[in-house]
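A.B. asks: have a look; sequence and predicted model below, questions after that.
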Protein chains: 2
Amino acid sequence: MIKPFPDEFFMSMALKEAMMALQEEEIPIGSVIVAKNQIVGRGYNQVERLHDVTAHAEIIALTAASNFFNNKYLSGCTIYVTIEPCMMCAAAIGWAQIERIVYGASDPKKGFTLFTPSPLHPKAIVETNVMNDECAELLGQFFRKKRE
Amino acid sequence: MIKPFPDEFFMSMALKEAMMALQEEEIPIGSVIVAKNQIVGRGYNQVERLHDVTAHAEIIALTAASNFFNNKYLSGCTIYVTIEPCMMCAAAIGWAQIERIVYGASDPKKGFTLFTPSPLHPKAIVETNVMNDECAELLGQFFRKKRE
């Protein structure tokens, strides 16, 4: 069976968000939140522009999706993020009771999987390495340019 | 020596924020951020009003203080919170490199001290039990009323 909306489709939408961040010289991380194959929230990292450490892609996408539903709980949703969420974002995803977390590249320095216990909803499903190379490459590009 | 601005003074300001939350039927948690004995950010829990799990007192106070300084780093600051921060808020406090965290009552269910490693800045100092009774009583009042 061909899945009409595979994870790669929505991850490429998250990558599009990450590219917006790159254009604005932010660390290129993007996120979309999906319910029933529809994007209900999106966001890209805006920490530098807003001078605000809480302006991560996922936090912006969560606020957007909550506005969409007028509901703080996003239990039927999947969040796509190009890079493994940090602990702030993972805990926010847990508060919102998001069911499925799909990310591209791991973050071995700041990723939430470095912490115990998990802050996610106990029933949440996590999928990793979706378009890993594309997600990691965008980040690599940013840091290479920074060092030039 | 009499301290001109003891922690109890700023914690009572955080409690004033928590009372604003109580009036709006939110879980009563309040926070202020202080630099050089001046309040540079304040916030109270607005999760229900905004339908947004990220609208915790500390996150709102952090964004306000970052706006005040036009700087994402708040390294010279102390954050006062009536209840032990959750992991989302503690990680945000860590990202902002806040130096000193003062809280009232512990949160044995969702508090950040349940997690390892700590998400705070490695040099951050944590003080607990400042006006513990007042902070806990306000929360107790809210939940007792909820159960009526």
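C.D. replies: Alright, I've got the coordinates. These numbers were taken from a predicted model, which means no experiment stands behind them. Numbers count the residues shown, from 1 in each chain, chains lettered A, B, ... in the order given.
A.B. asks: show me where chain A has strands.
C.D. replies: Ranges of strands within chain A are A:30-35, A:38-44, A:78-83, A:100-105, A:125-127, based on DSSP state E.
A.B. asks: can you say which of the ones you listed is packed in most?
C.D. replies: Using mean count of other C-beta atoms under 10 Å in any protein chain shown, the stretch among the strands of chain A with the largest mean neighbour count is strand A:78-83, at a mean of 28. Any C-beta I mention is one placed from the backbone N, CA and C, and that applies to glycine too.
A.B. asks: chain B: which of the strands of chain A is closest?
C.D. replies: strand A:38-44 (11.1 Å; C-beta to the nearest C-beta).
A.B. asks: could I have the CA atoms of the closest one written out in CSV?
C.D. replies: Output of strand A:38-44 as CSV, limited to C-alpha atoms (Å, rounded to 0.1, in the frame of the first residue of the first chain):
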residue,chain,number,x,y,z
GLN,A,38,-3.4,18.4,7.7
ILE,A,39,-0.8,20.9,8.9
VAL,A,40,-2.3,22.7,11.9
GLY,A,41,0.8,24.5,13.2
ARG,A,42,4.3,25.4,11.9
GLY,A,43,7.3,27.2,13.2
TYR,A,44,11.0,27.9,12.7
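A.B. asks: neighbours of A:Glu84, how many?
C.D. replies: The number of residues packed near A:Glu84 is 24, by other C-beta atoms under 10 Å in any protein chain shown.
A.B. asks: got TSV for the strands of chain A, with mean pLDDT too?
C.D. replies: Shown next, in TSV, are those (pLDDT from 0 to 100):
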stretch	mean pLDDT
strand A:30-35	98
strand A:38-44	98
strand A:78-83	98
strand A:100-105	98
strand A:125-127	97
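A.B. asks: dump these to CSV, plus distance to chain B.
C.D. replies: CSV is the format used below for those (distance: least, C-beta to the nearest C-beta, whole Å):
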stretch, distance to chain B
strand A:30-35, 13
strand A:38-44, 11
strand A:78-83, 13
strand A:100-105, 15
strand A:125-127, 17
